[in-house]
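Chemist: 3D, please:
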Amino acid sequence: MKFLSFPFYILALASLASLALTSASAEQFDCFQGCSNSLKASTNCKENTDYTVTYSNPPLIMITTPVVIAIHGGSIELNTKEIALDVANSLKWASYIFDAHASSKCKGDQGNFWALHITSTKFNDERALTLLSRVNKAVSIHGMNGSELSVCVGGKDTLAKSSFSAYMKKNGDGSISILDKSSGVCAGKNGEEDNNIVNRTRNGLGLQLELSAGLRKLLVTNETKKILFRKAVKTAMEARFHIPPTHFIHDLPSSL
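Modeler: Numbers count the residues shown, from 1 in each chain. Next comes the predicted model:
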């Protein structure tokens with residue numbers, strides 16, 4: 001019988017530990033609704049108890065009206081809700097916010113991320129999809145780790161991406177790193193999938209902004225940086241359309 005060397009056992013144990021860690025950090029739900037393991041059908045995690053959904057429902061919405069979404073708000077990706085609402089409310093845009101505040105029954109001995117984080121390609125709340133399907137412009141606010149000041153600029157709207165990046169680089173002081181998919185930091189954060197929630201607009205294009213923890217904290221405490229970011233998003237959303245908006249008015253059902 002052939003015995004394996006000691007280094008092999010160390011390597012095997014490390015692999016198993018890594019596998020266990022990955023399994024433990026997996027998301028609890030596979031979608032918001034419509035799949036066999038959906039959040040909406042959960043008996044342990046309930047809306048208005050463990051999470052809150054708020055969305056603007058104006059009587060009239062134009063297809064050129066941008067929608068700002070934060071699907072990982074609250075205790076999942078801190079400050080994404082606050083940043084998204086600041087942009088939407090300041091610019092009088094539409095919004096959709098998923099605000100997580102899981103109870104112990106919902107999250108067990110895990111955190112809000114495991115309990116209520118649903119990845120962007122699987123997040124399919126019909127209220128968000130209905131709102132997005134009526135407009136051509138959307139921006140999604142996300143969070144990533146890191147105390148540095150950085151943002152990964154993604155999504156399928158190439159013009160919005162370039163406009164956002166150009167504005168930040170031209171008008172900022174250089175303290176914020178503007179990154180794209182070519183950066184290793186942004187691996188897996190491209191946001192270019194067709195079924196990514198931010199790309200579920202009328203024209204299939206959206207802007208995804210992954211903000212580091214350090215930048216998110218700054219954007220809720222520093223008014224100068226808050227205004228810079230807000231203007232950069234506004235520039236990005238205005239880059240594509242220059243058609244009189246009154247030509248594109250649609251009623252949005254009150255039962256959205």
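
Chemist: Low-confidence regions, the protein specifically.
Modeler: For the chain, applying pLDDT under 70 flags the ranges 1-25, 57-59, 240-256.

Chemist: Report the central residue of it.
Modeler: The residue lying closest to the centre of the chain (C-alpha atoms, centre = their mean) is His142, at 3.6 Å.

Chemist: Would you double-check that it falls in a strand?
Modeler: Yes. Under DSSP: H, G, I helix; E, B strand; the rest coil, His142 sits within a strand.

Chemist: Return the residues in contact with the closest residue to it other than its chain neighbours.
Modeler: Leaving aside its sequence neighbours, His142 sits nearest to Glu210 (C-beta to C-beta, 6 or more residues apart in numbering; 4.6 Å). Placement of C-beta: from N, CA and C, glycine included. Residues in contact with Glu210 (C-beta atoms under 8 Å, 6 or more residues apart in numbering) are 142-144, 151-152, 154, 186, 189, 191.

Chemist: Over to Ala187?
Modeler: Per C-beta under 8 Å, 6+ apart, neighbours of Ala187: Lys181.

Chemist: what about 10 Å?
Modeler: Contact partners of Ala187, counting by C-beta atoms under 10 Å, 6 or more residues apart in numbering, are 152, 181.

Chemist: so what's Glu238 up against?
Modeler: Residues counted as contacts of Glu238 (C-beta under 10 Å, 6+ apart) are 64, 66, 137, 160, 163.

Chemist: next one: the helix or strand hosting the residue nearest to His142 to chain centre, how far?
Modeler: Using DSSP states H and E, Glu210 maps to strand 207-212. Centroid separation for strand 207-212 versus its chain: 7 Å, with C-alpha atoms, centre = their mean, to the nearest Å.

Chemist: Repeat that for stretch 70-86.
Modeler: The answer for stretch 70-86 is 8 Å, by C-alpha atoms, centre = their mean.
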